[in-house]
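Visitor: What follows is a predicted protein model with its sequence.
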Amino acid sequence: MFITFEGIDGSGKSTQAKALTATLREKGYEVLLTREPGGTQIGDQIRTILLDDMRNTVMTEAAELLLFCASRAQLVGEVIRPFLASGGIVLCDRYADSTLAYQGYGHEMNLDLLHTLLGFATGGLVPDVTIYLDLDPLVGLERRQKGRLLMSEDWNRLDDRELAYHQRVYAGYEALIAQDPQRWIRIDAREGVEKVQALLWKTLAPHLPRRKRSRKKAI
């Protein structure tokens, strides 16, 4: 089973993905948690270029898009498909829907082109379930700003977006959900971490496979 986490910046995806991974493992499932961009040696290098190297401030939107797709292609081929083939559950913090929401709706890039690129990068792999942590863009930005100021006076290049951009991203997610409502699980992310975690588990549990894999001995 392939489960992805989506939502605007500050919605708590990474926190909830880690919590769900721990819960599933406690219940006997074989689970792999990964993230985008990254998740492989090549992907992590691309992640540094995209998110961490502050020298790359002149990167074009097209270059940014292609780097995200390159990281995703490597992750799908090297990590996600093999683990799914072994019968495990894969959780991924962001996936193709992020490209559609951020580059497609946020940057207003050609959606038909994006669908073609994403189909090529993923080989047509679509999540079984996508968990969407729903949060107002302004609240998400305030959360991120608070966290950044606790650590540094500098904002990450991809976080320093105007509110209008994030509102377009939010509208993009709404459009994506409307196009394929059966795949998406919407969770109200305004509550505290534990409440969101409990609601997420209650909503997701009926979708999980009944058969559990036995735990492998740790190496």
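Guide: Everything's here; your move.
Visitor: In the protein, where's the longest helix?
Guide: Ranked by residue count, the top helix of the chain under DSSP state H comes out as helix 163-179.
Visitor: next structured bit after that helix?
Guide: strand 184-188 (DSSP states H and E).
Visitor: how far out from the middle of the chain is that following strand?
Guide: Centroid displacement of strand 184-188 relative to its chain, using CA atoms, centre = their mean, to the nearest Å, is 13 Å.
Visitor: Mind exporting the C-alpha coordinates of it to PDB?
Guide: C-alpha atoms of strand 184-188 as PDB (Å, rounded to 0.1, in the frame of the first residue of the first chain):
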ATOM      1  CA  TRP A 184      -7.900  11.700  -0.500                       C
ATOM      2  CA  ILE A 185      -8.400  11.800   3.300                       C
ATOM      3  CA  ARG A 186      -8.900  15.300   4.600                       C
ATOM      4  CA  ILE A 187      -7.700  16.000   8.100                       C
ATOM      5  CA  ASP A 188      -8.200  19.300  10.000                       C
END
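Visitor: Mind listing residues that contact it?
Guide: 16, 129-134, 176-177, 196, 199-200, 203-204, 207 (CB atoms under 8 Å, 6 or more residues apart in numbering). (Each C-beta comes from the backbone N, C-alpha and C, glycine too.)
Visitor: Please repeat the previous calculation with a cut-off of 6 Å.
Guide: 130-134, 177, 199-200, 203 (CB atoms under 6 Å, 6 or more residues apart in numbering).
Visitor: Can you add secondary structure and give those residues back as JSON lines?
Guide: Putting these into JSON lines (DSSP: H, G, I helix; E, B strand; the rest coil) gives the following:
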{"residue": "Thr130", "secondary structure": "strand"}
{"residue": "Ile131", "secondary structure": "strand"}
{"residue": "Tyr132", "secondary structure": "strand"}
{"residue": "Leu133", "secondary structure": "strand"}
{"residue": "Asp134", "secondary structure": "strand"}
{"residue": "Ile177", "secondary structure": "helix"}
{"residue": "Leu199", "secondary structure": "helix"}
{"residue": "Leu200", "secondary structure": "helix"}
{"residue": "Thr203", "secondary structure": "helix"}
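Visitor: Many thanks, I have nothing further to ask.
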